[in-house]
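# need the 3D shape of this:
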Amino acid sequence: MSLATQPCLNPNPDIAGIGVRVSIYIQAFLNLACTFVFAKDGKISSYESATLSTSSTNLFLTGCALLISAFIQGATSGFSVHHALIILNISWINSFSAILFVTLGVVLSISFTTWFEPGLRQLWTGTLLRAIPLSILHLSGMGALGIWVWAKVNTFGDQLECTPATFMTIFGHDIAVTSASLRKGSIVLYSIITLPLLNLVIIILVGVVMVTLLSLAYYTIHGSFEPWESFDRFILVSGGLTTALLEVLFIVDTELMISRSSTLVKPGESAWTFGQTLAMVMVAMLLLDTVRAGFKSWTEKADQESGEKPDEKVNMV
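Just a heads-up that it's a prediction; the model follows:
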């Protein structure tokens, strides 16, 4: 739906480069995979908890770094609406995957009988509470950028000639950023997300609603909530799959938006800059740490099955 007859957007590989995007996608799904693998037996060790916390923290730090970069570029060297939308989409991907861990102890514990055990409270005061401040900061920063972009969408950035041809892809459909309905809806959404604490409360409430609906679905299928182990895993797997589907949706829409906008961008977007290379190096290190964590988790469970005493675990589900 491009209205431009020739490229008019300056390339920004540190924002839209394939290396940056792939690193974000890998981190998001690694965080989700770790949540499944570590909590599938209904328990989580202190080592697994620390790994999940590190994974979520890395996601939020990467997301915050991208947001800070967007604010700096927007206020100094200039920025385009197209690249701002890419950052906002990536921020949503980060939020979905990392907040899954942040809210796991809050939302999923509603259906679990081990909620008040001392081990779970210890987990709360440790890894969860370390991740919550970063999640609030990331959500507020994302909301502030969203308000800035959509409130001034017609005059945002220094490449205004491209704004009428810029669009946002939603469910595979391209919608011009000049759409009044899209602009108003986005401003309302990001205004809510910007408010500290309230943004996290809203997401947790959404999680509570999701768990309630999943619980009703389980009861409809089985006629009861017994056995508890089966019910717990149904909630965990269903909630995780919902998060995964949301991530896939945003990834697909982001990639479609970038692909369909390729005629608007001048050559240079695929250049392997320092930012892209650093992002891939960080992902390689995270992959190594994840493999180590997975191996240790597997050996702990193997030791437990063989009768050896494993590391102390706390009930998670």
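# how many other residues sit next to residue 188?
By the measure other Cβ atoms under 10 Å, the count of residues near residue 188 is 12. C-beta coordinates here come from the backbone N, C-alpha and C atoms, glycine included.
# specify the local secondary structure of it.
The three-state label given to residue 188 by DSSP: H, G, I helix; E, B strand; the rest coil is helix.
# need the contact list for it.
Going by Cβ atoms under 8 Å, 6 or more residues apart in numbering, residue 188 touches no other residue.
# which SSE is the residue most central in space within the chain in?
For the chain, the residue nearest the mean C-alpha position is residue 94 (2.2 Å; Cα atoms, centre = their mean). When elements are defined using DSSP states H and E, residue 94 is found to belong to helix 81-107.
# before we move on, back to that, contact partners for the residue nearest to the centre of the chain?
Residue 94 makes contacts with 24, 27-28, 59-60, 62-63, 138, as judged by Cβ under 8 Å, 6+ apart.
# need those residues in TSV with neighbour count, distance to residue 221 and pLDDT, can you?
Putting the contacts of residue 94 into TSV (neighbours: other Cβ atoms under 10 Å; distance: Cβ to Cβ, whole Å; pLDDT from 0 to 100) gives the following:
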residue	neighbour count	distance to residue 221	pLDDT
24	24	36	88
27	26	34	84
28	28	30	84
59	28	33	79
60	23	36	81
62	23	39	81
63	28	37	84
138	24	36	89
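# so which residues of the protein form strands?
For the chain, the strands identified by DSSP state E occupy 43-45, 167-170, 173-176, 313-315, in order along the chain.
# which of those strands has the lowest mean pLDDT?
Mean pLDDT values for those show the minimum at strand 313-315, a mean of 45.
# measure how buried residue 11 is and give me the count.
Residue crowding around residue 11 was assessed by other Cβ under 10 Å; the count is 18.
# same check, this time on residue 158
By other Cβ under 10 Å, the residues close to residue 158 number 12.
# gap between it and residue 6?
When Cβ to Cβ, to the nearest Å is applied, the distance between residue 158 and residue 6 equals 18 Å.
# where does the stretch 201-317 of the chain dip in pLDDT?
Counting by pLDDT under 70, the stretch 201-317 of the chain contains low-confidence ranges at 228-229, 232, 293-294, 297-298, 300-317.
# so which residues of it form helices?
In order along the chain, the stretch 201-317 of the chain carries the following helices (DSSP state H, counting those that start in this stretch): 228-260, 274-306.
# can you redo these as TSV with distance to residue 197?
Supplementary listing: the helices of the stretch 201-317 of the chain in TSV, determined by distance: least, Cβ to Cβ, whole Å:
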stretch	distance to residue 197
helix 228-260	22
helix 274-306	29
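# mean neighbour count and distance to residue 187 added to these, as JSON lines?
Formatted as JSON lines, these follow (neighbours: other Cβ atoms under 10 Å; distance: least, Cβ to Cβ, whole Å):
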{"stretch": "helix 228-260", "mean neighbour count": "17", "distance to residue 187": "19"}
{"stretch": "helix 274-306", "mean neighbour count": "15", "distance to residue 187": "30"}
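# out of the ones you listed, which comes closest to residue 83?
Across the helices of the stretch 201-317 of the chain, residue 83 has its closest neighbour in helix 228-260 (9.9 Å, Cβ to Cβ).
# so what does that closest one touch, helix or strand wise?
Helix 228-260 sits against helix 18-39, helix 81-107, strand 167-170, helix 198-222, with contacts defined as 3 or more Cβ pairs under 8 Å, 6 or more residues apart in numbering; DSSP states H and E.
# and the angle from it to helix 198-222?
Interaxial angle, helix 228-260 versus helix 198-222 (axes from the mean of the first three to the mean of the last three Cα atoms, to 10 degrees): 120 degrees.
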